[in-house]
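Asks: Build me a structure from this.
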Amino acid sequence: MSQKKYNQSRQEFEQFRDKLYQSFNYRKDTIMNLVDAIAANTTARSPVELCLSPIFPREYSALYKGIQAYRSESSNNSIETRKKEQAQFEARLEAIAELIPTAEKFYLFAADVTPLPRPYAPTLEDRTIIYQPNTVQGNKPINIGHSYSVLTALPPKESTGEIPWAIPLMVNRVKSSETGKQVGSQQLKQILTQKNLPWSNLTTKRGRLLNVTIQSWSDMLMRGSRDCPMHCHPFTLMQIQVTSSEGLRIWKPMWLIMIGQGRNELTITEAYQSYRQRYDIEHLLRFGKQRLLLNASATPEVEHEENWVELSFLAYVQLWAARKLALTLPRSWERYLPQKTQGFLSPSMVNRDMQRIITEIGTPAKLPKLRGYSGGRTTGMVQTKRIHHQVIKKAKQSEPTTPTAV
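Replies: The predicted model follows:
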């Protein structure tokens, strides 16, 4: 990379960090240091171990205070507080949207629900039975805890070098009274209706040669209901068949539909390639849990857990913003692998070099000042025991009874 491009990438990264820093309302210095520590984490296995990071120059008590104050420092839920939090969210979303490469024809979004098991947290509210894949055959793929709906923007493959990046835009907990589809629809509606955003204007790795045959039928209709009149929503039906070079079928035929007013503006090849790119969000969720401590928080407070999940995804956004500044740092056993081009590195490679990048560029956060030692709890103070909550089991939807002839 030339020095001119490097300086431009560095300036863009610094501008993003300044906007991110200004989007925090309370304890912005602590939160900024915490996001940096998460993004550069390679050894910590729990949130409290992040206070050992060289780029988190604060005590462990400040770490928990930063998590607590991420959304609001006060416990009231007044109109003024909600307005501040909404303005904070909009400012942060605008800063993230500027990092997404400009699309030629359309922007691609992907939403998924990821589980956060908390089976040993009886004092945590609103725990439900959640889906979790189980590797042991015969066991039910369920657990107890919370689920989170994540909405991401999938950048074009040309800007990532075929590396699976997914930029988190929104993350919300799926409450016991909601479903993942409902939360995902609300997230998509919220980002599409917000102004000042770019979209508001609207061969295999193993070397196998595969043949893809796509058939399509236009202006199809499906049976609807009184609440959902599907005859008003025509769609394009597609069938995808993948065969080997010998003509043998690899997988079962896959059926897709394109629905919406702009469905005829996309070719069936673009629709198929966009659907294939949806798997990039799986890499994001796996990397977040393995490297960014996404599921490492053991707090008994629901609000603190939600704050921690959002901070982990903000750290991932920082990795995306710094990808052009990172250097390739292969392990000794990785020297013989094909070298990655600077600017087209994976999240793991950027994570290895993140501490150097932050140390070299600096942080907008101010250094902490010692303010003495806390007096601690007074003698004889009794702590109120936390309430144990029952696991909420969602009732099955009642099926309409079919009238029988007499």
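
Asks: Okay, buried residues for the lengthiest strand in the chain please.
Replies: In terms of residue count, the longest strand belonging to the chain (DSSP state E) is strand 142-154. Within strand 142-154, the residues scored as buried using 16 or more other CB atoms under 10 Å are 143, 144, 145, 146, 147, 148, 149, 150, 151, 152, 153, 154. (Glycine included, C-beta is placed from N, CA and C.)

Asks: Next: stretch 356-367.
Replies: Buried-residue list, stretch 356-367, by 16+ other CB under 10 Å: 357, 358, 363, 365.

Asks: distance between the longest strand of the chain and the chain's centre?
Replies: 9 Å (CA atoms, centre = their mean, to the nearest Å).

Asks: how big is the angle separating the host helix or strand of residue 116 from strand 142-154?
Replies: Assigned by DSSP states H and E, residue 116 belongs to strand 108-117. Per axes from the mean of the first three to the mean of the last three CA atoms, to 10 degrees, the angle that strand 108-117 makes with strand 142-154 is 160 degrees.

Asks: by contact count, what packs against strand 108-117?
Replies: strand 128-131, strand 142-154, helix 180-193, helix 280-290 (3 or more CB pairs under 8 Å, 6 or more residues apart in numbering; DSSP states H and E).

Asks: tilt between the last one and strand 108-117?
Replies: Using the same axes, to 10 degrees, one finds that helix 280-290 and strand 108-117 are set 30 degrees apart in direction.

Asks: With the third one instead?
Replies: With the same axes, to 10 degrees defining the directions, helix 180-193 sits at 140 degrees from strand 108-117.

Asks: Skip ahead from helix 180-193 and say which helix or strand is next.
Replies: Next along from helix 180-193, by DSSP H and E: strand 210-220.

Asks: Tell me which other helices or strands the following helix or strand past that following strand touches.
Replies: Counting by DSSP H and E, the next helix or strand C-terminal to strand 210-220 is strand 235-244. Packing partners of strand 235-244 (3+ CB pairs under 8 Å, 6+ apart): strand 210-220, strand 254-259, helix 268-276.

Asks: if we can go back for a sec, tabulate the buried residues of strand 142-154 (TSV), appending pLDDT.
Replies: Listed next are the buried residues of strand 142-154 as TSV, based on pLDDT from 0 to 100:
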residue	pLDDT
143	92
144	95
145	95
146	96
147	96
148	97
149	96
150	96
151	96
152	96
153	94
154	94
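
Asks: Partner strands of the strand holding residue 116 and their direction?
Replies: Sheet pairing of strand 108-117 (DSSP bridges) gives strand 142-154 (antiparallel).

Asks: Alpha carbons only: can I get the partner strand in PDB?
Replies: Taking C-alpha atoms only, strand 142-154 is exported to PDB below (Å, rounded to 0.1, in the frame of the first residue of the first chain):
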ATOM      1  CA  ILE A 142     -32.100 -26.600  23.300                       C
ATOM      2  CA  ASN A 143     -30.700 -24.700  26.300                       C
ATOM      3  CA  ILE A 144     -31.800 -22.000  28.800                       C
ATOM      4  CA  GLY A 145     -30.800 -18.400  28.300                       C
ATOM      5  CA  HIS A 146     -31.400 -15.400  26.000                       C
ATOM      6  CA  SER A 147     -31.400 -15.000  22.200                       C
ATOM      7  CA  TYR A 148     -30.200 -11.900  20.300                       C
ATOM      8  CA  SER A 149     -31.200 -10.800  16.800                       C
ATOM      9  CA  VAL A 150     -28.300  -9.300  14.800                       C
ATOM     10  CA  LEU A 151     -28.800  -7.200  11.700                       C
ATOM     11  CA  THR A 152     -25.700  -6.800   9.500                       C
ATOM     12  CA  ALA A 153     -24.600  -5.300   6.200                       C
ATOM     13  CA  LEU A 154     -22.800  -7.600   3.900                       C
END
